[in-house]
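Visitor: When you get a sec, could you give me coordinates for this:
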Amino acid sequence: GERDAGKGLEMRKLVLSGFLASEEIYINQLEALLLPMKPLKATATTSQPVLTLQQIETIFYKIQDIYEIHKEFYDSLCPKVQQWDSNVTMGHLFQKLASQLGVYKAFVDNYKIALETAEKCSQSNYQFQKISEELKVKGPKDSKESHTSVTMEALLYKPIDRVTRSTLVLHDLLKHTPSDHPDYPLLQDALRISQNFLSSINEDIDPRRTAVTTPKGETRQLVKDGFLVELSEGSRKLRHVFLFTDVLLCAKLKKAAVGKHQQYDCKWYVPLADLVFPSPEESEHCPQVHVIPDHELEDMKMKISAIKSEVQKEKANKGQSRAIERLKKKMFENEFWLLLNSPAIPFRIHNRNGKSYLFLLSSDYERSEWREAIQKLQKKDLQAFVLSSVELQVLTGSCFKLRTVHNIPVTSNKDDDESPGLYGFLHVIVHSAKGFKQSANLYCTLEVDSFGYFVSKAKTRVFRDTTEPQWNEEFEIELEGSQSLRILCYEKCYDKTKLNKDNNEIVDKIMGKGQIQLDPQAVQTKNWHMDVIEMNGIKVEFSMKFTSRDMSLKRTPSKKQTGVFGVKISVVTKRERSKVPYIVRQCIEEVEKRGIEEVGIYRISGVATDIQALKAVFDANNKDILVMLSDMDINAIAGTLKLYFRELPEPLLTDRLYPAFMEGIALSDPAAKENCMMHLLRSLPDPNLITFLFLLEHLKRVAEKEPINKMSLHNLATVFGPTLLRPSEGESKGHLTLASDIWSHDVMAQVQVLLYYLQHPPISFTELKRNTLYFSTDV
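Guide: Prediction:
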């Protein structure tokens, strides 16, 4: 026991001498702050004052008092530590220091105004600006440095930092003071006062700063925070990640009891000095990412849209708030599921001392923002460290106050008065880029936020070996409540060793990235709107225009009866003396020849300018069609086929039968459903039926290659369902409410109808026609 007590007292001495040294620095900092106060006061009453007395009073409020309190404390404590013996008592000094915290309270209450005043004054007064940019702080007695220069803003923050530091020291002192020592109750009392004080002021301090210091004694500030999905023990977890000056901390929000403050729970942290980004080759041992199939994600989006329209309806009919709350809760659960399950781009973090962590992001833009923020901080000279449990507690405790991202990024968290974003189609032409230092293989991708988070929607072709790529490609991007468009510019990597097995790993190098707000007023014009995004010295030129969803739903019959787009299918087949329109046969043949293994065939949008060129060639019945088809990007050919069906003056499965298809797919008895669905096919005009069956067999062949092209039957049904079924304008007038209402509900049913036929065993035209006898029920 004796030895332990002796060791405890030895530790006390170490804790105290460390504290004394930092106290000396603190006093020197306060002195440096007070130094310009006297001359400033002297000029205040002259004809050319630098600052007014009022301004001086505000900026230097209570600094003199704080200085005197600490000077007295230091002068009393110093001799005790220098002539150390085990009976030394100094608890009364700490107790006295704690009892004077009222002065700090006054300082803290004034802190924000002091900062603002100092900033205003240095903007308007050059002399004061010079003074406040370089205040000279004396070095400690035994150090080689005579002075360091510090800004006034940094010095004004020191008192706030100091209270936290003193509280941590009291904590350490108590730990090493035997409980029967006369200092013990005094230190306990001082700690209690300090902790109460800290929790009361933490709410008042400018939340961009934390009252926590790094091992080098600098203020640890929050640089960036946000929600990321972590793959932990094989399952996806939503985390709130905080990047501080010298540490990355991964936390989760604890469920708070009613009336209690919410708190974060630290899952892990990595000091930036130990943090490395493993290259794809090094991350072999990392778990493979379980990717949720696209169609499940698409299904969930449909569900969310359907709930959204129900909420709108309830609101419009002044529905019960309980019902609306219930719907909103359901919507939040679904959006949360989507947020958790859709990200697939791996972002790996490795701690030099062993452990690796894996986040999944849905946006490469965000991944590179995190990476860049960390790398920028790593340029400073950082120390490795281990946080004590108290420090970790203080740091995690500060997260709640400091965070800048308060809500999980789902749309149901938005207030009613927030902009709901845009719904519809954004047409973007990526023209060109300049500003590259050397030639490279370059391409761009476009990201938009839909359902609250960003996803990549389009990608230009790679322009090889150039410093001035000219893409001139047009894309049609579907917007789901979007507010921003992001453009990323990449250099394509052809190095085989870097291309690893995980196909979501993007190894290409980001040359630049930028984003713009989609302002509903500016975007919703009929005309193209040209713009430039500047990034890292690179300028990317692009144009865009927006079509709202109700506009894009219109099928417009062609004025001319020549050509094939917008012309009735019966007219075209009669003219061509064919059973299936030539355009359908040619596009399908080409896709089967060289596009059936293309990832995302039919889902990825082709370049709009290519599609328009093909449309013109088919309309003119040009003899160069076949040559052109064999040269054309396969996504453009797939896009041309979709466009042909979308522009039919009436859907392939006809307006007349649309209500019956909707009723048939809703039947629950399988036999009745089969009966009805086959009867409906039989009721179609011959050209429509033969073309539909021809397309159906093609889509089934595409889906057989799903392991390679990632297009399941469900994906294909999602792409083609509305295209083949959506009624033309005249028909849907009767029950047209909000475009987005119709949209979600009917689209789900349209997808289901096509899926039904896709999953059905092969259907032949002759078989269908032969079976007419059994069914005489009228549609």
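
Visitor: Looking at this protein, which helix is longest?
Guide: helix 2-34 (DSSP state H).

Visitor: Check which helices and strands it sits against.
Guide: Applying 3 or more Cβ pairs under 8 Å, 6 or more residues apart in numbering; DSSP states H and E, one finds that helix 2-34 contacts helix 63-82, strand 135-138, helix 152-175. C-beta coordinates here come from the backbone N, C-alpha and C atoms, glycine included.

Visitor: Mind putting those into CSV with mean neighbour count, distance to Ile324 and mean pLDDT?
Guide: Output for the helices and strands packed on helix 2-34, formatted as CSV (neighbours: other Cβ atoms under 10 Å; distance: least, Cβ to Cβ, whole Å; pLDDT from 0 to 100):
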stretch, mean neighbour count, distance to Ile324, mean pLDDT
helix 63-82, 16, 53, 93
strand 135-138, 18, 57, 87
helix 152-175, 20, 44, 84
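
Visitor: Quickly find the element holding Lys457.
Guide: strand 453-459 (DSSP states H and E).

Visitor: meant to ask about Arg348, not that
Guide: With DSSP H and E as criterion, Arg348 is part of strand 345-351.

Visitor: Downstream of that strand, the next helix or strand is which one?
Guide: Immediately after strand 345-351, counting by DSSP H and E, sits strand 356-361.

Visitor: Residues touching that next one, excluding its own?
Guide: Applying Cβ atoms under 8 Å, 6 or more residues apart in numbering, the external contacts of strand 356-361 come out as 228-231, 236, 239, 241, 250, 268, 270, 278, 283, 285-287, 289, 343-351, 367.

Visitor: Spell out which strands sit alongside it in the sheet and which way each one runs.
Guide: Each strand paired with strand 356-361, and its direction, by DSSP bridges: strand 222-232 (antiparallel), strand 345-351 (antiparallel).

Visitor: Average pLDDT for the shortest one, rounded please.
Guide: When you say that, I think you mean strand 345-351. For strand 345-351, mean pLDDT is 92.

Visitor: That strand to strand 453-459, inter-axis angle?
Guide: Interaxial angle of strand 345-351 relative to strand 453-459 (axes from the mean of the first three to the mean of the last three Cα atoms, to 10 degrees): 120 degrees.

Visitor: Report the distance from strand 345-351 to the chain centre.
Guide: 16 Å (Cα atoms, centre = their mean, to the nearest Å).

Visitor: now swap in stretch 706-717 and tell me
Guide: Offset of stretch 706-717 from its chain centre (Cα atoms, centre = their mean): 27 Å.

Visitor: ok, the residue lying closest to Ile292 once chain neighbours are set aside - contacts?
Guide: Leaving aside its sequence neighbours, Ile292 sits nearest to Asn341 (Cβ to Cβ, 6 or more residues apart in numbering; 4.6 Å). Under the criterion of Cβ under 8 Å, 6+ apart, the neighbours of Asn341 are 236, 292, 296-297.

Visitor: By neighbour count, sort out the buried ones in those residues.
Guide: Among the contacts of Asn341, those classed as buried by 16 or more other Cβ atoms under 10 Å are 236, 292, 297.

Visitor: So which of those residues belong to helices?
Guide: Leu297.

Visitor: Quickly find the element holding Leu249.
Guide: Element membership for Leu249, per DSSP H and E: strand 247-253.

Visitor: Who are the packing partners of that strand?
Guide: Using 3+ Cβ pairs under 8 Å, 6+ apart: strand 247-253 touches strand 235-244, strand 264-271, helix 389-402.

Visitor: which other helices and strands contact the next helix or strand after the longest one?
Guide: Sequence-wise, the next helix or strand downstream of helix 389-402 (DSSP H and E) is strand 422-434. Counting contacts by 3+ Cβ pairs under 8 Å, 6+ apart, the secondary-structure elements packed against strand 422-434 are strand 440-450, strand 470-482, strand 484-491, helix 520-523, strand 538-548, helix 549-552, helix 608-620.

Visitor: quick check: angle from the second one to strand 453-459?
Guide: With the same axes, to 10 degrees defining the directions, strand 470-482 sits at 150 degrees from strand 453-459.

Visitor: quick one: strand 470-482 to chain centroid distance?
Guide: How far strand 470-482 lies from its chain's middle: 19 Å, per Cα atoms, centre = their mean.

Visitor: Kindly report the same for the last one.
Guide: Remark: helix 608-620 is offset 37 Å from the chain centroid, using Cα atoms, centre = their mean.

Visitor: What angle do strand 422-434 and it make with each other?
Guide: Going by the same axes, to 10 degrees, helix 608-620 makes 100 degrees with strand 422-434.

Visitor: tell me which residues in the helix or strand that helix 608-620 is followed by are buried?
Guide: Counting by DSSP H and E, the next helix or strand C-terminal to helix 608-620 is helix 625-631. If you call a residue buried by 16+ other Cβ under 10 Å, then helix 625-631 has these buried ones: 625, 629.

Visitor: so who does Glu576 touch?
Guide: Counted by Cβ under 8 Å, 6+ apart, Glu576 has contacts Tyr582.

Visitor: And it, how far from Phe765?
Guide: Plainly put, Glu576 is 18 Å away from Phe765 if you go by Cβ to Cβ, to the nearest Å.

Visitor: With Leu327 instead?
Guide: Leu327 is 45 Å from Phe765, by Cβ to Cβ.

Visitor: ok, now Ala717?
Guide: Ala717 sits 21 Å away from Phe765, going by Cβ to Cβ.

Visitor: okay, the two: which has more neighbours?
Guide: Legend: neighbour count by other Cβ atoms under 10 Å for Ala717 and Phe765, higher for Ala717 (25 against 16).

Visitor: hang on, the more buried one is in a helix, isn't it?
Guide: Yes. Using DSSP: H, G, I helix; E, B strand; the rest coil, the assignment for Ala717 is a helix.

Visitor: is it true that it touches Val747?
Guide: No. If you go by Cβ atoms under 8 Å, Ala717 and Val747 don't touch, sitting 10.7 Å apart.

Visitor: what about the closest residue to Gly421 other than its chain neighbours, how many neighbours?
Guide: Residue nearest to Gly421 in three dimensions, not counting chain neighbours: Gly481, with 3.7 Å by Cβ to Cβ, 6+ apart. Residues near Gly481, counting by other Cβ under 10 Å, number 20.
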